[in-house]
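*Asks:* no sequence for this one, just the structure:
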């Protein structure tokens, strides 16, 4: 964060200083909410959670070197006390972003946000210092904490914005006003909370409504292949740039194919030229993510060759998203267990099939959460798709939704041992350990709440044990 005195911070957030002998003391370190991350010059933000009260750690963080605590009550050590800690954190982020004058890129969408954000960051940081959202810290707390890591040297700030309802993205844009806004897609993720795709589109479109007009540099980057996203062009005064396969797209891909290992290769076309890309990521769905990243980078002054080189060298920065690991015995484990929705589940299945040509494939799948009344139909559809794609074996893990996955596979013609239901992650591990053969490819995917990453971890530990035994 830029250097600010405690007095300045108190004024910005509308707080009262308590137990601060010297208000000129500078906050020179990061703003943190985890007491374990506090260090010299940091500002510790004390939230009151369901199980833990951050104020209880106030003395420890100051002893570790923190300049002060930002909290809702005096704590006996230097503190700035406010009525609403979350609102104060947001106000501080808004103040810092405005002072920096950095180019802020914000993105949202139902699927692919984190992967695309990681691609944008890896491309832009080739041009200038770039700060971006770590993982999926895209809410009212994670977003300002990310913004506050920017410094005077930061040229680009790339922020992922999530939403659980109407007004959420509008609020995030008020905290960190974007200059470039990217909307990837409108899908089924969180449809149970929103009530329908039209409501999701209304919420996601708040991003383009928040952009400055074109004459002030505002740019809305929209997916030309998604009608609900394409229609958002009418909701903004910013310049509109389209990406995708549509003939209307300003940034597009030609000659798309997958390598033998399932990595996309294509010719990138931009308004200023074309260049070839072969990605390190897995699955054809990353082509759309790459085009979105390319559209952002092109608008910020990068050439087609620069963008293509960066996309070809970019990797996965966030864990449990199509992490591909090959065991010593040749079994390939694809850990995509961070989260799941119908669109990402179908994309992962297609990636599995592409990676597993000539090999036996396994899809270990669990519940897709927050689908509301659409849950039965969407789980059934994923089970059916696994059969149509000729996935070798579907292992449905968990309760009712997992049974719907298997039922969909069964009704599509998967009988016998081609699909199976197991009660939990351990049962899936036991099954796989007994039946996997060298060369098999295993996809593990479900919503985060299911915790299926434990299956991938166990399979990789089994592979390591096998390597030791072989020696």
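*Replies:* Done, it's in. Given the structure is predicted, the values throughout are model-derived calculations rather than measurements.
*Asks:* switch to C-alpha atoms for all contacts and neighbour counts from now on
*Replies:* Will do.
*Asks:* residue closest to the middle of this structure?
*Replies:* Taking C-alpha atoms, centre = their mean as the criterion, residue 114 is the residue nearest the geometric centre of the chain, at 2.2 Å.
*Asks:* now do the contacts for residue 356.
*Replies:* Residue 356 makes contact with 261, 440-441 under the criterion C-alpha atoms under 8 Å, 6 or more residues apart in numbering.
*Asks:* ok, back up a step: thought the residue nearest to the centre of the chain was touching residue 136?
*Replies:* Yes - judged on C-alpha atoms under 8 Å, residue 114 makes contact with residue 136 at a distance of 6.2 Å.
*Asks:* which residues do those two both contact?
*Replies:* Each of residue 160 lies in contact with both residue 114 and residue 136 under the rule C-alpha under 8 Å, 6+ apart.
*Asks:* list the contacts for the residue nearest to the centre of the chain?
*Replies:* Applying C-alpha under 8 Å, 6+ apart, the residues near residue 114 are 135-136, 160, 318.
*Asks:* closest to residue 214 out of these?
*Replies:* Nearest to residue 214 among the contacts of residue 114, counting by C-alpha to C-alpha, is residue 160 at 21.9 Å.
*Asks:* that closest one - how many residues pack around it?
*Replies:* Residue 160 is flanked by 27 other residues according to other C-alpha atoms under 10 Å.
*Asks:* drop anything exposed from the contacts of residue 114.
*Replies:* For the contacts of residue 114, a burial check counting by 16 or more other C-alpha atoms under 10 Å picks out 136, 160.
*Asks:* so where's this protein uncertain?
*Replies:* 189-190, 415-416, 463-471 (pLDDT under 70).
*Asks:* domain assignment for it?
*Replies:* 4-83, 101-313, 323-470 (automatic domain parsing).
*Asks:* doesn't residue 343 fall inside a strand?
*Replies:* No - checked against DSSP: H, G, I helix; E, B strand; the rest coil, residue 343 lies outside a strand; its state is helix.
*Asks:* surely it touches residue 109?
*Replies:* No - using C-alpha under 8 Å, residue 343 is not in contact with residue 109; the gap is 11.5 Å.
*Asks:* so what's in contact with the two at the same time?
*Replies:* With the criterion set as C-alpha under 8 Å, 6+ apart, the overlap between the contacts of residue 343 and residue 109 is residue 187.
*Asks:* if you count surrounding residues, which of these two has more?
*Replies:* Just comparing residue 343 and residue 109: by other C-alpha under 10 Å the higher neighbour count belongs to residue 109, 24 against 19.
*Asks:* OK, contacts around the more buried one?
*Replies:* Going by C-alpha under 8 Å, 6+ apart, residue 109 touches 162, 183-187, 204.
*Asks:* pipe these into CSV and attach secondary structure per row.
*Replies:* Output for the contacts of residue 109, formatted as CSV (three-state DSSP):
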residue, secondary structure
162, coil
183, strand
184, coil
185, coil
186, coil
187, coil
204, helix
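*Asks:* counting neighbours, which of those comes out on top?
*Replies:* residue 204 (32 neighbours).
*Asks:* any idea how far it is from residue 230?
*Replies:* Using C-alpha to C-alpha, to the nearest Å, one obtains 12 Å as the distance from residue 204 to residue 230.
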